[in-house]
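Colleague: fold the following and give me the result.
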Amino acid sequence: MSAKHSELIYIVEDDPAVASLICSTLEKFEYRWELFANGGEYLRALKTRLPSLTILDLWLPDMDGIEVLQQIRQRHTFGLLIVTGRTDVHDRVMGLELGADDYV
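Modeller: Purely as a prediction, here's the structure:
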């Protein structure tokens, strides 16, 4: 994949349809990206390379996205966007208070 943007974006999303939509949109704008289907895989990847931005779902098969967010913010300051189907206001407030840059 050729990319005009040097920034790397990590996507943490287990729903194939949503992941496909996010990835194809990033490709359209020529961003480099890597996809992770669960939190554990994503957290292991952070040990070797950091992204400029992470797009994080909160409903993951192996752990809650809020837990992933807490672990990230203990060590890293890169951009973080929560993209989730959760509609509970508590989740939104918690995500933003824990350090997400935005919540969609």
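
Colleague: average pLDDT across the lengthiest helix in the chain?
Modeller: Counting by DSSP state H, the longest helix found in the chain is helix 16-28. Mean pLDDT, helix 16-28: 96.

Colleague: for that helix, enumerate the helices and strands it packs against.
Modeller: Applying 3 or more CB pairs under 8 Å, 6 or more residues apart in numbering; DSSP states H and E, one finds that helix 16-28 contacts strand 8-12, strand 32-36. Every C-beta, even on glycine, is put in place using the N, C-alpha and C of the backbone.

Colleague: buried deepest among these, which one?
Modeller: Comparing these by mean neighbour count (mean count of other CB atoms under 10 Å), strand 8-12 comes out on top with a mean of 22.

Colleague: and the angle from that strand to strand 32-36?
Modeller: Going by axes from the mean of the first three to the mean of the last three CA atoms, to 10 degrees, strand 8-12 is angled at 20 degrees with respect to strand 32-36.

Colleague: what ranges of the chain fall below the confidence cut-off?
Modeller: Where the chain drops to pLDDT under 70, the residues are 1-3, 86-87, 89-97.

Colleague: neighbours of the closest residue to G79 other than its chain neighbours, how many?
Modeller: Once flanking residues are discounted, G79 sits nearest to L53: 4.0 Å by CB to CB, 6 or more residues apart in numbering. Using other CB atoms under 10 Å, L53 is surrounded by 18 other residues.

Colleague: and L53, what are its bridge partners?
Modeller: Under DSSP bridges, the beta-bridge partners of L53 are I9, G79.

Colleague: surely Y10 and F36 touch.
Modeller: Yes. Here Y10 reaches F36: they are 6.5 Å apart, a contact under CB atoms under 8 Å.

Colleague: what touches both of those two?
Modeller: Residues touching both Y10 and F36 by CB atoms under 8 Å, 6 or more residues apart in numbering: 42, 45.

Colleague: coming back round to it: so for T77, which of the helices and strands packed on helix 16-28 sits nearest?
Modeller: Checking those against T77 by CB to CB gives strand 8-12 as the closest, at 14.3 Å.

Colleague: now the closest one, how far from the chain's geometric center?
Modeller: Relative to the centre of its chain, strand 8-12 is centred 6 Å away, using CA atoms, centre = their mean, to the nearest Å.
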